[in-house]
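Asker: need coordinates for the following:
(4 chains)
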Protein chains: 4
Amino acid sequence: MAIFNRLKRLRSENASGYSNNSNDTGGRFVNKNGKANVLKRGAPILSRYSWYHTLLEMKLGKFLLFIFGVYIVLNLFFAGLYYLIGIEHLEGVHRGSAFKDFTEVFFFSAQTFTTVGYGRISPNGFLANSVSTFEAFLGLLSFAIATGLFYGRFARPQTFLKFSKNALIAPYLNGKALMFRIAPFKNNNLSELEVKVTMAITTNENGQLRDKFYVLDLEMNRINAMALSWTIVHPITKDSPLDGFTKEDIANTDIEIIIFIKGFDEVFSTQVVSRTSYISEEIIWGAKFKMMYHPNHDKSKTILSLNKINDFEKVDLTMN
Amino acid sequence: MAIFNRLKRLRSENASGYSNNSNDTGGRFVNKNGKANVLKRGAPILSRYSWYHTLLEMKLGKFLLFIFGVYIVLNLFFAGLYYLIGIEHLEGVHRGSAFKDFTEVFFFSAQTFTTVGYGRISPNGFLANSVSTFEAFLGLLSFAIATGLFYGRFARPQTFLKFSKNALIAPYLNGKALMFRIAPFKNNNLSELEVKVTMAITTNENGQLRDKFYVLDLEMNRINAMALSWTIVHPITKDSPLDGFTKEDIANTDIEIIIFIKGFDEVFSTQVVSRTSYISEEIIWGAKFKMMYHPNHDKSKTILSLNKINDFEKVDLTMN
Amino acid sequence: MAIFNRLKRLRSENASGYSNNSNDTGGRFVNKNGKANVLKRGAPILSRYSWYHTLLEMKLGKFLLFIFGVYIVLNLFFAGLYYLIGIEHLEGVHRGSAFKDFTEVFFFSAQTFTTVGYGRISPNGFLANSVSTFEAFLGLLSFAIATGLFYGRFARPQTFLKFSKNALIAPYLNGKALMFRIAPFKNNNLSELEVKVTMAITTNENGQLRDKFYVLDLEMNRINAMALSWTIVHPITKDSPLDGFTKEDIANTDIEIIIFIKGFDEVFSTQVVSRTSYISEEIIWGAKFKMMYHPNHDKSKTILSLNKINDFEKVDLTMN
Amino acid sequence: MAIFNRLKRLRSENASGYSNNSNDTGGRFVNKNGKANVLKRGAPILSRYSWYHTLLEMKLGKFLLFIFGVYIVLNLFFAGLYYLIGIEHLEGVHRGSAFKDFTEVFFFSAQTFTTVGYGRISPNGFLANSVSTFEAFLGLLSFAIATGLFYGRFARPQTFLKFSKNALIAPYLNGKALMFRIAPFKNNNLSELEVKVTMAITTNENGQLRDKFYVLDLEMNRINAMALSWTIVHPITKDSPLDGFTKEDIANTDIEIIIFIKGFDEVFSTQVVSRTSYISEEIIWGAKFKMMYHPNHDKSKTILSLNKINDFEKVDLTMN
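Answerer: Numbering: from 1, shown residues only, chains lettered A, B, ... in the order given. Coordinates of the predicted model:
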């Protein structure tokens, strides 16, 4: 294809972290959530996962369920131990059916684990006391770890940037440009943002599939502060790897636009990064974004409408 | 106006994070506290706010009230639950009027939530025990979160820099300069400070209002250590966007001087930033700052007088 | 030796942090785990060790044992105190043999230290109460410190990079290259990786041993993202300090390849570093790495096989 | 003086953070511990101190005493409250003398504050219960804050670098050099160290005292890793502000050598800085450092002797 021949003249990017002389990888490179589309194998699961990274990135609801599940399981385990030692070594238990007995033991365990220790039930004898001594210790350590996890989760620096769902091929000056849009959606302050856009394309050289990477030049690749929305623009000039692409070329080629953004979060005082990608079917030919902010009624503030981030209108590109 | 025509010759700054080809924003760009003067809409409030950022930046008194409020509300909720389950399932309650009963239940709830668990009152039966098992768990997690919040608040890196209330147009060499002053007001150590000053101006081009941004050149834009006060000086030379401005031009034009400072905090070992702005009415024509430090009585130390940060004296600029 | 004479023409690296004009050091410079192979003496042990760094880097099992050990020792200490004060000052103790008495006191101590405070046993009198007042305080502080340690341990930024066990002398273009391989083995995201490789060699200049350091040029010294494996390649050109080395030269000379890698962890939002070294016997002459990743069955993902990181095949270098 | 005339030809450093056109400061600029020798006045003490920075930098013993003091004072306060409410509202108190009563109340308070809550004594009635509900809440929050403080203290990134007590004027090549020495004294790993040395000198220009700052060129201003000791060398060449200084000039002039070091701590994964200064009387004329490391007995490791950091021998400089 002509577009592949053109690409040979352009300098490709070697430092993508992916091989660009082969086609040994499968599917998109970067998932929509910014993670590499790679599965690790050949090592036990526990050594392949950082449980801390995993718990940090888990959805809140799932995380809370997990914490609560651990609490219940540990209490069941200790309740089992006390039950084995003998319920007569717990003073003050209201005896009843085996189930009633077990619930009493379970609640005693919970009172020990959380260190609430009402004392209506209390351990008696060496074994029961030893187990409760250990359980209270474990309980406090567990909550110490939970403290760290909660802090790690909510103090985790994030960009809180929203990306437009689509990238557009829009009119730009006398030609065309690839555009996508980002906006800050929380009350954090980002400064000194930098964006880097790479295009991955699977080329067909004499019947051999190869992945090639190209850095896309941007009209502006850094801004001082992220206050409103920012439309990132790659002008499709003669030097662009997208030059000469038709609507059909984009649809029929294996293209992936990989975005990497970094900035400085002023509250966390640390650098934050964000990553995503657009693949062929997420690129819309002939469209431009609509404004997503306007002054408020008395012109004293600016209103940024987050729900309009992907609002675009179709335009005819035949003249561009 | 002549000043607007002059500005056309100067290169304006594109990377401000604000649009500089339109006038679609309202009011000042940066609030005095450094936040962008932007309201976000079009998304549910909870997704527009990072509660962690919010609680970190909340005033201390309000924050403590919030924490205490959550404690009371949760205890009322659990007290309600125990009350519904039946006060007879709490052993040891001193019965009395309905109100007295409820307070006993409330205090039992607090003893459970904080895990103090005196044990004078203790739960009895499956439901009351289950609720208290959950409440003690929730209590410990709540304090885990509070621990994180407190740590996040006081370990939050800040510049602790005080800005002069006004920016001055002061005599400088044979001409004039825009000056403002910063001073460190706490016992932290800042090093490698850098300052960037941008001027926003609403120009009137053939009746059309446009926001333009200009980077202001500084006599010195970085210092090694922030020990005393630092007067930041923008000399108004031929290349300055402020060249040719009269006292009236400044008063009558929509000017905003946007300040961005970054430095390294040596105790927190991290980069910190500060941001503020001066608008037309905060710029004083014909004034210069007075010294704000002097040696102590035996010349063994330097005294920095923080209350003098905005002390200036009026000077005549007609000769400059 | 000829190879030493060659080296004299090359610019050596002064900034290694080791002296390169003498031979006053012993053994390898950098241990396999990245630590400098240096023992510190001449200061008390406590001032030579940061206990926090030590506890952070301790193996998990050892760390947990240490924490539990401290818990037991402190409880024994306080149990001793209560015993000295007199067991009659603890109400509710079930008396028995001296051993039985001591265990009761020990368990009371544990109930105080963990603040579980069942209350079956409670202190009575000024001394016992004072000690328990202090013990509960110390207990909470101990768990505060444990909280910090646990958080410090699992929130400790690490590269989670696996290095190939060997460095290879492999065919490269028309010549040879020194190669080693790294791969990310956990679910963290690293970006903007940079690698720096230094070679240390003990040269014999007129019978005098000297340590010399040389920076090795790399085919590529940075990549944008660490998604798959990365083979780091030092081409052995005319300018390489390894030029002219035979298999025997490498085996018989005191060579150390020192690796320093830094990157940005996207979850922790911080820079992380990794360090290791290869000495003569870890360098294999005439071998090349086998591929360690391939597409999955439906070509929608890439599989990275961590167990293949050191897989190589022998090759004949006589032609290179 | 001739040396002052020479200095006029050299470019002085403007960005020191101190004024270099006046003599409005007193004493040394940087204290031995790296803090600016500045007192802040003109603002209430609480707004001049960051209590967090203060508690972080407090000596450990003093810090522990402070924490314990707060614990005692808060308990005395709450004991007073319970006493005022009436001891009869605390069930289970062993009554006695007024002092005995107060100690019982105090111990009850401590049991509440730490949430140990044995329950031998428990509150009764609305007021006593309300106070204890608040006290347990406050207790947990206090320990939450203590957790943060302990973590902040021991997780505080520090360089753990030891400086030689003196700077030396030592022989160097065919001339002289100013030298001082640093060594890592803990088991942390520092990489990419950079050092910046500035000389402050009070010059006498026509009877007017002025502070001037000069950046001193170094033989090497960065090293890759801090493994052994590092002697930092400023060669006294024709371009050095110290050129032409005699032993007496140094002794009689107000000289201060200000050191700023930054590096990357590999365990904390963050940049750390260190700062100190040498004044005239700490500079020794005619001396050179002795080696402070040597191989161990079997040459498998290097021994760094921290107690030798300031070991030097006198040398005659008349020939240099």
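
Asker: for residue A:317, grab the count of nearby residues.
Answerer: 17 (other CB atoms under 10 Å in any protein chain shown). (Each C-beta comes from the backbone N, C-alpha and C, glycine too.)

Asker: tell me if it really is in a strand.
Answerer: No. Judged by DSSP: H, G, I helix; E, B strand; the rest coil, residue A:317 forms no part of a strand; its state is coil.

Asker: tell me where chain A has helices.
Answerer: For chain A, applying DSSP state H gives helices covering A:2-9, A:45-48, A:51-57, A:60-85, A:98-113, A:126-154, A:247-252.

Asker: what does chain A have sitting close to chain D?
Answerer: Taking CB under 8 Å from any CB of the partner chain as the contact definition, chain A meets chain D at A:115, A:117, A:118, A:119, A:147.

Asker: from residue B:137, how far out is residue A:65?
Answerer: Distance of residue A:65 to residue B:137, given as CB to CB, to the nearest Å: 13 Å.

Asker: compare neighbour counts for those two and give me the winner.
Answerer: Of the pair residue A:65 and residue B:137, residue B:137 is the one with more neighbours under other CB under 10 Å, namely 24 against 12.

Asker: pLDDT score for the more buried one?
Answerer: On pLDDT, residue B:137 comes in at 96.

Asker: wait, isn't it in contact with residue A:71?
Answerer: Yes. Counting by CB atoms under 8 Å, residue B:137 does reach residue A:71; the two are 5.5 Å apart.

Asker: among the helices of chain A, which comes closest to chain C?
Answerer: Nearest to chain C, of all the helices of chain A, is helix A:126-154, at 3.4 Å by CB to the nearest CB.

Asker: return the set of buried residues in that closest one.
Answerer: Buried positions in helix A:126-154, judged by neighbour count with 16 or more other CB atoms under 10 Å in any protein chain shown: A:126, A:128-154.

Asker: pLDDT of stretch A:90-100, averaged?
Answerer: Mean per-residue pLDDT for stretch A:90-100: 91.

Asker: go ahead and name everything in contact with that stretch.
Answerer: Contacting residues not belonging to stretch A:90-100 are listed as A:82, A:87, A:101, A:104-105, A:108, A:119-124, A:128, B:124, C:120 [CB atoms under 8 Å, 6 or more residues apart in numbering or on different chains].

Asker: count of neighbours near residue A:15?
Answerer: Residue A:15: 18 neighbours (other CB under 10 Å).

Asker: from the contacts of stretch A:90-100, pick the one nearest chain D.
Answerer: Nearest to chain D among the contacts of stretch A:90-100, counting by CB to the nearest CB, is residue A:119 at 5.1 Å.

Asker: show the pLDDT at that closest one.
Answerer: 91.

Asker: quick one, what contacts it?
Answerer: Going by CB under 8 Å, 6+ apart, residue A:119 touches A:92, B:117, B:118, B:119, B:122, C:117, C:118, C:119, C:120, D:118, D:119.

Asker: let's see that with 6 Å instead.
Answerer: Counting by CB atoms under 6 Å, 6 or more residues apart in numbering or on different chains, residue A:119 touches B:119, C:118, C:119, C:120, D:119.

Asker: over to residue A:301?
Answerer: If you count contacts by CB under 6 Å, 6+ apart, then residue A:301 has B:26, B:27, B:37, B:39 around it.

Asker: just those residues: which are in strands?
Answerer: Judged by DSSP state E, these include residue B:39 as members of strands.

Asker: buried members of the contacts of residue A:301 into PyMOL, please.
Answerer: Those of the contacts of residue A:301 that count as buried under 16+ other CB under 10 Å are selected in PyMOL with:
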select buried, chain B and resi 26+27+37
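
Asker: could you identify the most distant pair in the contacts of residue A:301?
Answerer: The distance between the two most remote of those (CB to CB) is 10.5 Å, for B:27 and B:39.

Asker: which residue of chain A sits farthest from its center?
Answerer: Of all residues in chain A, residue A:88 has its C-alpha farthest from the mean position, at 51.7 Å, by CA atoms, centre = their mean.

Asker: distance of it from chain C?
Answerer: 14 Å (CB to the nearest CB, to the nearest Å).

Asker: report the contact partners of residue A:32.
Answerer: Counting by CB under 6 Å, 6+ apart, residue A:32 has no contacts.

Asker: and if you look at residue A:71?
Answerer: residue B:137.

Asker: which residues of the stretch 101-250 of chain A lie near chain B?
Answerer: A:103, A:107, A:110, A:114-120, A:143, A:146-147, A:150-151, A:154-155, A:186-188, A:220, A:222-227 (CB under 6 Å from any CB of the partner chain).

Asker: these, buried ones only, as a ChimeraX selection?
Answerer: To isolate in ChimeraX the members of these that are buried, counting by 16+ other CB under 10 Å, one can use:
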select /A:103,107,110,114,115,116,117,118,119,120,143,146,147,150,151,154,155,186,187,188,223,224,225,226,227
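
Asker: can I get the contacts of residue A:301 in TSV including pLDDT and distance to chain C?
Answerer: Below are the contacts of residue A:301 laid out as TSV (pLDDT from 0 to 100; distance: CB to the nearest CB, whole Å):
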residue	pLDDT	distance to chain C
B:26	77	33
B:27	80	32
B:37	86	27
B:39	87	27
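
Asker: where does the prediction get shaky in the stretch 1-150 of chain A?
Answerer: For the stretch 1-150 of chain A, the stretches with pLDDT under 70 are A:1, A:20-23.

Asker: quick check: residues of it near chain C?
Answerer: Counting by CB under 6 Å from any CB, the residues of the stretch 1-150 of chain A close to chain C are A:14-18, A:24-27, A:36-43, A:49-50, A:52-53, A:112, A:115, A:117, A:119, A:122, A:126, A:129, A:133, A:136-137, A:140, A:144-145, A:147-148.
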